[in-house]
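Q: show me the folded form of this:
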Amino acid sequence: MIYPKILEELIEYFKKLPGIGEKSAERLALSVIESSEDDIKMFSKTMIEAKKNLHPCTICGNLTTEKICSICDNEYRNNKLICVVEDYKSIFAFEKMGKYNGVYHVLNGLISPINGITPYDLNIDGLLNRCKKEENIELIIALKPSIEGETTTQYINKILEKTKVKVSRLSYGLPVGAELDYLDSLTLERAFEDRKNI
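A: Take a look at the predicted model:
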């Protein structure tokens, strides 16, 4: 064992974060040790507060500290244009783009029979209810280009094919298997502009 046991434990916790390997975890853990006690207390407090107070918006599923998120609560957003995403991380990516003025709907996953995830495990009923409440709705399916993303897209399109809901998808200029929250704003903007009807 190279490090003291408590430092090894701290490194192991950092390694649980996405995208953090052994070296990055070591640097983060050592940085924590070198930080002031006040900074560490504030860091700990902020993490606990975030975990305790952030929850899904009752309308779209985005993260919020209120009942309704700031996007759904914004009267200047076009609530007839709904971008359907896998998780709230995708919302952050699209909002950074700064070009989309509609609202969102978080599915909380993708259909994946091999992993035991069925349509009933996703927030699809909530999406259907939103489509029933408004007229002239357009859904923009913004799921990653993968087998699971395609399966979910086709399922949503199938259950809405006898309705008046217009269903489109982001253009396929996106790299296959790409995580949408890691793509640059220009790529996302072009995918939105070039979206195709399904």
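Q: and stretch 62-70, C-alpha only, in PDB?
A: Extracted as PDB, the C-alpha positions of stretch 62-70 are listed here (Å, rounded to 0.1, in the frame of the first residue of the first chain):
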ATOM      1  CA  ASN A  62     -35.200  18.200 -15.100                       C
ATOM      2  CA  LEU A  63     -33.200  18.800 -11.900                       C
ATOM      3  CA  THR A  64     -34.600  21.600  -9.700                       C
ATOM      4  CA  THR A  65     -34.900  22.700  -6.100                       C
ATOM      5  CA  GLU A  66     -38.500  23.800  -6.700                       C
ATOM      6  CA  LYS A  67     -41.600  21.900  -7.700                       C
ATOM      7  CA  ILE A  68     -41.300  23.100 -11.300                       C
ATOM      8  CA  CYS A  69     -38.000  23.800 -13.000                       C
ATOM      9  CA  SER A  70     -37.000  27.200 -14.300                       C
END
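Q: now do that stretch: everything it contacts.
A: With contacts defined as C-beta atoms under 8 Å, 6 or more residues apart in numbering, stretch 62-70 is touched by 53-60, 71-73, 88, 91, 104, 106. Where you see a C-beta, it was placed from the backbone N, CA and C, and this is true even at glycine.
Q: out of those, which are buried?
A: Buried members of the contacts of stretch 62-70, scored by 16 or more other C-beta atoms under 10 Å, are C57, I59, C60, I71, C72, Y88, I91, Y104, V106.
Q: is it true that the fourth one lies in a helix?
A: No - applying DSSP: H, G, I helix; E, B strand; the rest coil, one finds I71 to be coil, outside a helix.
Q: these two touch, right, it and H105?
A: No - counting by C-beta atoms under 8 Å, I71 sits too far from H105 to count as a contact (10.9 Å).
Q: narrow the contacts of stretch 62-70 to those in strands?
A: Using DSSP state E, H55, P56, Y104, V106 are the members of the contacts of stretch 62-70 that sit in strands.
Q: can you put those residues in JSON lines and add pLDDT and distance to S168?
A: JSON lines is the format used below for the ones in strands among the contacts of stretch 62-70 (pLDDT from 0 to 100; distance: C-beta to C-beta, whole Å):
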{"residue": "H55", "pLDDT": "96", "distance to S168": "30"}
{"residue": "P56", "pLDDT": "95", "distance to S168": "25"}
{"residue": "Y104", "pLDDT": "97", "distance to S168": "15"}
{"residue": "V106", "pLDDT": "97", "distance to S168": "18"}
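Q: show me which of these is closest to M42.
A: Among the ones in strands among the contacts of stretch 62-70, H55 lies closest to M42 (C-beta to C-beta), at 22.4 Å.
Q: what about that closest one, distance to C69?
A: Between H55 and C69 the distance is 10 Å, computed by C-beta to C-beta, to the nearest Å.
Q: same question, E148
A: Taken as C-beta to C-beta, the span from E148 to C69 is 25 Å.
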